[in-house]
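Peer 1: Below are the sequence and a predicted model; questions follow.
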Amino acid sequence: MAATAVAVLIGALPLPHAGADPVPSNASDALKRYNELSTQAEALNEEHLRAQEELADAQGALDQANRDITTAEEAQESLRGQVDLLTEASFQGARFNQLSALLVSDSQQDFLNRMSALGVLAHDSAEALRGLEEAVDGAADAARRATEATESANQAIGEIDRRKGALNQQIDEAREAYRSLSPADRRSLNDAGDTGPIPVPAGQAGQALAFALGERGKPYVYGSNGPNSWDCSSLMQAAYRSVGISVPRTTYGQAKIGRGVSRNEVRAGDLIIYYSGQTHVAMAIDGLRAVHASTEGVPVKVQDIESIGPVDVIRRVVG
């Protein structure tokens with residue numbers, strides 16, 4: 001794909017830099033180009049994942065609206081039967097006024113009894129009609145929400161298709177650039193860094209960190225959910241899932257969970273979200289290092305926090 005075509009694709013979406021390892025200034029032009037293309041592909045990957053979440057939300061809203069429609073229709077059917085019974089009673093003489101109650105009463109107590117019955121019937125009729133009106137309104141509201149959810153779902157499907165197409169083209173170009181790298185450049189990318197034992201603190205955050213560290217050396221694959229390969233956000237999700245904590249699938253969702261902490265408060269297990277577009281995530285080991293799945297062609301590895309990229313937000317999931 002020509003560079004101009006790449007520019008068109010990238011310009012169509014908000015594409016801040018993602019989390020590929022920065023390359024040194026003396027790196028080959030091919031390696032610099034690969035780094036540029038892979039960071040763009042990772043940003044597109046997270047955008048595609050977010051579109052999938054939006055589709056799931058829209059489908060969930062549609063399913064709930066359809067359930068609400070069924071409930072409202074059942075309520076209408078029941079209340080219509082009640083209203084019909086009260087109407088039938090009315091035609092049979094159950095609805096009478098105060099004068100007729102007085103004329104036909106045998107005693108004062110009989111009159112009071114008839115007046116009480118009149119009040120009960122009037123109350124029941126009003127309640128039944130009010131309930132029916134609410135059920136009709138509820139069905140109409142549910143139908144409106146179902147229509148809106150259907151439109152949202154259709155838009156999300158279209159967005160997924162659009163972003164998936166852009167992602168596939170970007171990945172193809174990044175992989176082609178990778179194939180053009182020299183053996184030395186490939187060795188540089190494939191360096192797994194520190195794979196030795198790293199102590200972790202007690203508790204869930206430490207256990208999640210131990211999971212992430214245990215994945216060092218495994219490859220990055222766009223959109224992968226493990227267990228043999230990861231992308232940046234799926235590794236974080238799996239690490240916390242291993243200790244019974246649910247976190248969102250995307251970097252955007254992970255940038256909102258837990259509570260925010262400052263850079264000088266960073267501790268083991270914190271999620272460090274990078275770049276203004278929040279398109280990459282790593283897990284802190286301590287105040288200096290983090291473990292992350294960087295980009296395709298680079299294994300899960302430990303790096304200095306600052307070397308990964310500019311920090312946008314830091315979220316503490318536990319504590």
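Peer 2: Arrived safely, thanks for sending. Numbers count the residues shown, from 1 in each chain.
Peer 1: My read is that residue 245 contacts residue 316, right?
Peer 2: No: using CB atoms under 8 Å as the test, residue 245 is too far from residue 316 to be in contact (11.9 Å). In this view, the C-beta of every residue, glycine as well, is placed from N, C-alpha and C.
Peer 1: what residue ranges in this structure score low on pLDDT?
Peer 2: In the prediction, the chain carries residues with pLDDT under 70 at positions 1-27, 72-73, 75-133, 135-136, 138-139.
Peer 1: okay, which residue is most central for it?
Peer 2: Nearest to the mean C-alpha position of the chain, by CA atoms, centre = their mean, lies residue 53 at 4.6 Å.
Peer 1: elements contacting the helix or strand containing it?
Peer 2: Using DSSP states H and E, residue 53 sits in helix 29-89. The contact analysis (3 or more CB pairs under 8 Å, 6 or more residues apart in numbering; DSSP states H and E) places helix 29-89 against helix 3-11, helix 108-179, helix 183-190, helix 232-241, helix 251-254.
Peer 1: Can you tell me how far residue 302 is from residue 211?
Peer 2: Distance, residue 302 to residue 211, by CB to CB, to the nearest Å: 14 Å.
Peer 1: what does residue 254 give?
Peer 2: From residue 254 to residue 211 the distance is 15 Å (CB to CB).
Peer 1: next one: residue 285
Peer 2: 13 Å.
Peer 1: Could you check which of the two has the larger neighbour count?
Peer 2: The residue with more neighbours, out of residue 285 and residue 211, is residue 285; 24 against 20, by other CB atoms under 10 Å.
Peer 1: surely the more buried one meets residue 303?
Peer 2: No: if you go by CB under 8 Å, residue 285 and residue 303 don't touch, sitting 9.8 Å apart.
Peer 1: shared neighbours, those two?
Peer 2: Common neighbours of residue 285 and residue 303 are listed as residue 291 (criterion: CB atoms under 8 Å, 6 or more residues apart in numbering).
Peer 1: Now residue 297. Nearest residue, chain neighbours left out?
Peer 2: Distances taken as CB to CB, 6 or more residues apart in numbering place residue 189 nearest to residue 297, at 4.8 Å, with adjacent residues excluded.
Peer 1: for residue 141, that is, sorry about that
Peer 2: residue 68 (7.8 Å).
Peer 1: mind listing what the residue lying closest to residue 69 once chain neighbours are set aside touches?
Peer 2: Closest residue to residue 69 apart from its sequence neighbours, by CB to CB, 6+ apart: residue 142 at 4.3 Å. Counting by CB under 8 Å, 6+ apart, residue 142 touches 65-66, 68-69, 72.
Peer 1: could you flag which of those residues are buried?
Peer 2: 65-66, 68-69, 72 (16 or more other CB atoms under 10 Å).
Peer 1: Of those residues, which is the nearest to residue 307?
Peer 2: Nearest to residue 307 among those is residue 65, at 48.1 Å by CB to CB.
Peer 1: And that closest one, how far from residue 146?
Peer 2: Distance from residue 65 to residue 146, by CB to CB: 4 Å.
Peer 1: just residue 290 next, same as before
Peer 2: Using CB to CB, we find residue 290 at a distance of 44 Å from residue 146.
Peer 1: Who has more neighbours out of these two?
Peer 2: Neighbour count, other CB under 10 Å: between residue 290 and residue 146, residue 290 has more, with 28 against 19.
Peer 1: from what I can see the more buried one touches residue 308, true?
Peer 2: Yes: when contacts are counted by CB under 8 Å, residue 290 is listed as touching residue 308 (6.5 Å).
Peer 1: what touches both of the two?
Peer 2: Shared contacts of residue 290 and residue 308 (CB under 8 Å, 6+ apart): 272, 282.
Peer 1: check contacts around the residue nearest to the centre of the chain.
Peer 2: If you count contacts by CB under 8 Å, 6+ apart, then residue 53 has 248-250, 253 around it.
Peer 1: What of residue 292?
Peer 2: For residue 292, the contacting residues are 19, 232, 235, 280-283, 300-301, 303, 308, by CB under 8 Å, 6+ apart.
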